[in-house]
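Participant: Structure of the sequence below:
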Amino acid sequence: MARVALIELEAASPEVKEIYEQKLKGKPGNVQKAIAQRPDVLKNFLPFYASVGRSLDRKLYELIYVRVSMINQCHYCLQHHLLSSKRTGLVPDEWAALKAGDYSRFTEKERAALTYAEKLTRTLHSVNDGDFVELKKHFTDAEIVDLHMLVGLANLTNRFTDPLGLELEFPEEKI
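Facilitator: The predicted structure is shown next:
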């Protein structure tokens with residue numbers, strides 16, 4: 001059960017109702033309903049969330065979000081991104097490999113990004129110039145910035161959703 005009140009459409013301010021109806025097509029998730037406690041944050045968060053990671057291949061985006069959510073044991077974000085990862089062609093065997101930290105089945109570029117995302121999530125102060133040598137084999141500087149923002153965004157949402165006790169809005173996927 002959520003540890004803060006979720007703002008439902010019927011109880012929402014006119015500003016939040018407009019966001020729910022126009023930006024979220026009348027179907028806000030529990031994360032948006034919680035953020036709606038701060039309408040100004042919700043208004044700014046949605047376009048920010050939509051812009052992060054978009055220079056990266058969509059499959060890579062989902063690989064990173066899923067793996068970071070697994071590392072942080074964030075059930076809510078993991079479930080949301082397992083669902084969206086299906087649309088990029090990821091399958092349960094790949095989810096299981098991610099859960100085990102086994103990146104061998106992925107491309108060299110995906111392995112570089114996943115390895116770096118894990119390091120940035122677990123031991124950010126150990127990042128060094130050598131890490132960037134590997135990243136720059138596969139990514140432009142703009143993509144590296146986007147990769148950083150994506151890992152940061154996943155860590156942010158992981159630290160927001162589960163600790164607030166947000167419940168899934170759909171049936172859970174099993175790995």
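Participant: Tell me the confidence at the nearest residue to D131 once chain neighbours are set aside?
Facilitator: In space, and not counting its chain neighbours, D131 is closest to Y116: 5.9 Å by C-beta to C-beta, 6 or more residues apart in numbering. Every C-beta, even on glycine, is put in place using the N, C-alpha and C of the backbone. pLDDT recorded at Y116 is 98.
Participant: Give me the neighbour count for the closest residue in space to P92 that isn't next to it in sequence.
Facilitator: Leaving aside its sequence neighbours, P92 sits nearest to I175 (C-beta to C-beta, 6+ apart; 6.6 Å). Counted with other C-beta atoms under 10 Å, residues neighbouring I175 total 15.
Participant: Now do the contacts for I175.
Facilitator: Listed by C-beta atoms under 8 Å, 6 or more residues apart in numbering, the contact set of I175 reads 82, 92, 95-96, 99.
Participant: pLDDT score assigned to F170?
Facilitator: 97.
Participant: where's it, which helix or strand?
Facilitator: Counting by DSSP states H and E, there is no helix or strand that carries F170.
Participant: from memory A117 sits against V68, does it?
Facilitator: Yes - look at A117 against V68 with C-beta atoms under 8 Å: they come within range, at 5.8 Å.
Participant: Which neighbours do those two have in common?
Facilitator: By C-beta under 8 Å, 6+ apart, the residues touching both A117 and V68 are 151, 154.
Participant: So between these two, which is more surrounded?
Facilitator: V68 (27 against 23).
Participant: what about G29, how many neighbours?
Facilitator: 17.
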